[in-house]
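Student: Just to be clear, the model below is a prediction. Sequence and coordinates:
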Number of protein chains: 2
Amino acid sequence: MRFSKQREAVYRTLYHTDIHPDAAWIYAKTRETEPNIGIATVYRNLNELVSSGRIKRISVEGYAERFDADMREHGHMVCERCGRITDVDCGSVSVACSVEGVTRCEITLYGICDECRKKNK
Amino acid sequence: MRFSKQREAVYRTLYHTDIHPDAAWIYAKTRETEPNIGIATVYRNLNELVSSGRIKRISVEGYAERFDADMREHGHMVCERCGRITDVDCGSVSVACSVEGVTRCEITLYGICDECRKKNK
DNA sequence: AATTATATGATAATCTTTATCATTTATTTT
DNA sequence: AAAATAAATGATAAAGATTATCATATAATT
């Protein structure tokens, strides 16, 4: 796999955020430094970065697919009100439900995040 | 919430399968007993059944949203080759990574299912 | 420098899901 | 039981997300 200017840029965009963005956000953000990049290139590179194990795809109910460049083992907490995703340490858990043939374990918590809880109280 | 013939039919279709199907499958299947039901009605009812806590929505990478009428606590194993979803007992796990504000915990394992492993050996 | 392979950007196409709206079905009220 | 109200339906348009296509551009190899 060649590391083109565009692939580099997409990766860098994702690497420098912790908001677990979707492709549209990554596209807009990457355009700030790479103004001619096309949306297809963003999707293409996200897919290739996922295939090559450099980033993770996160599937969340009710939202477009989101991405994460943090490859350390961790879970996600999805706010059902604002959609924000925050990292959760679930390191020890994946072992507990290991099954034959499993390559990875995704743990996703749904609920209301700190920010949203504060707003409503 | 009123339980119309159509809502009943959609629910029954889902209740009687363990393949964790998507809306298109549920639509086709429900049409066998309810030949005039429209796809919009299927989506509408799936959403309402989810909201009212009668069924679960399952978000899986690379597939349309899928649904499950089994409300007992369990995890899912998604086959990366054939897309099949099978149930996994993870009952004790959700407690282990509880976080403030969390309402539910989804555990999804990705890997290669039994069937697919057999085929390749 | 010529050849080959890979990546790009624009855009069309596809797939999934939701919105709209006139009609139908069910429930309440009179 | 008829009229009035509320909710659900089905057809289809619209929206949103993602992939496919393809001519062009860029990089690697010979």
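Tutor: Sure thing, it's come through.

Student: Okay, and the beta partners of the spatially most central residue of chain A?
Tutor: The centroid of chain A falls nearest to A:F67 when counting by Cα atoms, centre = their mean (2.2 Å). With DSSP bridges as the criterion, A:F67 is bridged to A:R57.

Student: I figured it hits A:V60, correct?
Tutor: No: counting by Cβ atoms under 8 Å, A:F67 stays clear of A:V60, with 11.0 Å between them. Glycine gets a C-beta too; all of them are placed from N, C-alpha and C.

Student: Mind listing what's buried along the lengthiest helix in chain A?
Tutor: Scanning chain A for the longest helix, with DSSP state H as the assignment, gives helix A:39-51. Across helix A:39-51, burial judged by 16 or more other Cβ atoms under 10 Å in any protein chain shown covers A:T41, A:V42, A:N45, A:L46, A:L49.

Student: Could you export those residues to TSV, including columns for distance to B:I112 and pLDDT?
Tutor: Shown next, in TSV, are the buried residues of helix A:39-51 (distance: Cβ to Cβ, whole Å; pLDDT from 0 to 100):
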residue	distance to B:I112	pLDDT
A:T41	31	98
A:V42	29	98
A:N45	26	97
A:L46	23	98
A:L49	22	97
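
Student: now, which of those lie close to DNA strand C?
Tutor: Among the buried residues of helix A:39-51, the residues within reach of DNA strand C (Cβ under 7 Å from any atom of the strand) are A:T41, A:N45.

Student: any chance of the buried residues of helix A:39-51 in JSON lines, plus distance to A:T30?
Tutor: Converted to JSON lines, those look like this (distance: Cβ to Cβ, whole Å):
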{"residue": "A:T41", "distance to A:T30": "9"}
{"residue": "A:V42", "distance to A:T30": "6"}
{"residue": "A:N45", "distance to A:T30": "9"}
{"residue": "A:L46", "distance to A:T30": "10"}
{"residue": "A:L49", "distance to A:T30": "13"}
